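> sequence? don't have it. structure:
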């Protein structure tokens with residue numbers, strides 16, 4: 001009596017004609033995910049760029065006849081710091097679209113956090129400040145700052161970049177992890193068929 005050890009079917013162990021295609025796409029971002037990341041990242045970048053050239057706050061006086069005292073631009077308030085952030089976010093977005101890189105998606109989220117930090121820590125307190133303002137003739141009047149469109153645009157741009165990053169990471173999955181899962185499943189299937 002010969003001991004016959006069952007071997008895995010050659011067709012099964014090497015995979016069928018569709019196995020390479022399924023392995024290549026396992027864990028890879030779908031085209032719809034890549035397009036969504038591209039649109040979200042570019043939208044966030046455009047919002048950040050647009051915010052730099054809009055008013056951040058308006059200062060109103062309580063004196064009669066001169067309610068609007070001053071308008072301060074968003075870019076001039078923080079030395080146009082959002083322009084390099086927006087350009088880098090756009091470049092990373094295109095990179096994430098082309099390569100599906102998780103590092104690029106994480107970087108987009110980090111840039112969104114930085115933009116939110118500039119908006120909420122740097123600009124928001126100034127846009128909600130109040131105090132005394134020197135008036136013509138050496139008198140002082142009370143004045144208060146009120147946020148304008150720039151603050152809302154930069155905040156929205158940061159939020160859009162964060163959401164784009166999170167959605168891209170959640171929907172794309174891990175390309176390397178997907179490949180490892182495929183090989184782990186194939187090895188355990190071979191072991192079961194061998195015993």
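Structure's in. What do you need? It should be emphasised that the depicted structure is a prediction, and the values quoted were computed from it without experimental measurement. Numbering: from 1, shown residues only.

> now the helices for this protein?
Assigned by DSSP state H, the chain shows helices spanning 10-14, 19-25, 31-51, 74-77, 82-99, 102-117, 124-127, 149-172, 175-194.

> what packs against the longest one?
In other words, helix 149-172. helix 31-51, strand 55-61, helix 74-77, helix 82-99, helix 102-117 (3 or more C-beta pairs under 8 Å, 6 or more residues apart in numbering; DSSP states H and E). Every C-beta, even on glycine, is put in place using the N, C-alpha and C of the backbone.

> returning to what we had before: rank the helices of the chain by mean pLDDT and give me the bottom one.
Confidence, taken as mean pLDDT, is least for helix 19-25 of those (a mean of 41).

> ok, back up a step: would you list the helices and strands packed on helix 149-172 in TSV and tack on distance to residue 141?
As requested, these are exported to TSV (distance: least, C-beta to C-beta, whole Å):
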stretch	distance to residue 141
helix 31-51	30
strand 55-61	5
helix 74-77	22
helix 82-99	32
helix 102-117	33
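
> of all these, which lies closest to residue 171?
Closest of the helices and strands packed on helix 149-172 to residue 171 is helix 31-51, at 4.4 Å (criterion: C-beta to C-beta).

> okay, the angle between that closest one and helix 149-172?
160 degrees (axes from the mean of the first three to the mean of the last three C-alpha atoms, to 10 degrees).

> mind checking how far the residue nearest the centre of the chain is from residue 80?
For the chain, the residue nearest the mean C-alpha position is residue 161 (2.6 Å; C-alpha atoms, centre = their mean). When distance is defined by C-beta to C-beta, to the nearest Å, residue 161 is 18 Å away from residue 80.

> give me the neighbour count for residue 123.
When neighbours are counted by other C-beta atoms under 10 Å, residue 123 registers 23.

> for residue 100, see how far away it is.
Residue 123 is 34 Å from residue 100, by C-beta to C-beta.

> how many residues are close by residue 150?
26.

> tell me the contacts of it?
51, 52, 54, 55, 56, 57, 73, 74, 123 (C-beta atoms under 8 Å, 6 or more residues apart in numbering).

> contact partners of stretch 95-108?
28-29, 34-35, 37-38, 41, 44, 88-89, 92-93, 161, 164-165, 168-169, 172, 174-175.

> now do 6 Å
29, 34, 37, 38, 41, 89, 92, 161, 164, 165, 168, 169 (C-beta atoms under 6 Å, 6 or more residues apart in numbering).

> cool, and stretch 160-171?
Outside stretch 160-171, the residues touching it (C-beta under 6 Å, 6+ apart) are 33, 37, 40, 41, 43, 44, 89, 105, 108, 109, 111, 112.

> max pairwise distance over these: which two?
Across these (C-beta to C-beta), the longest gap, 19.3 Å, separates 33 and 111.
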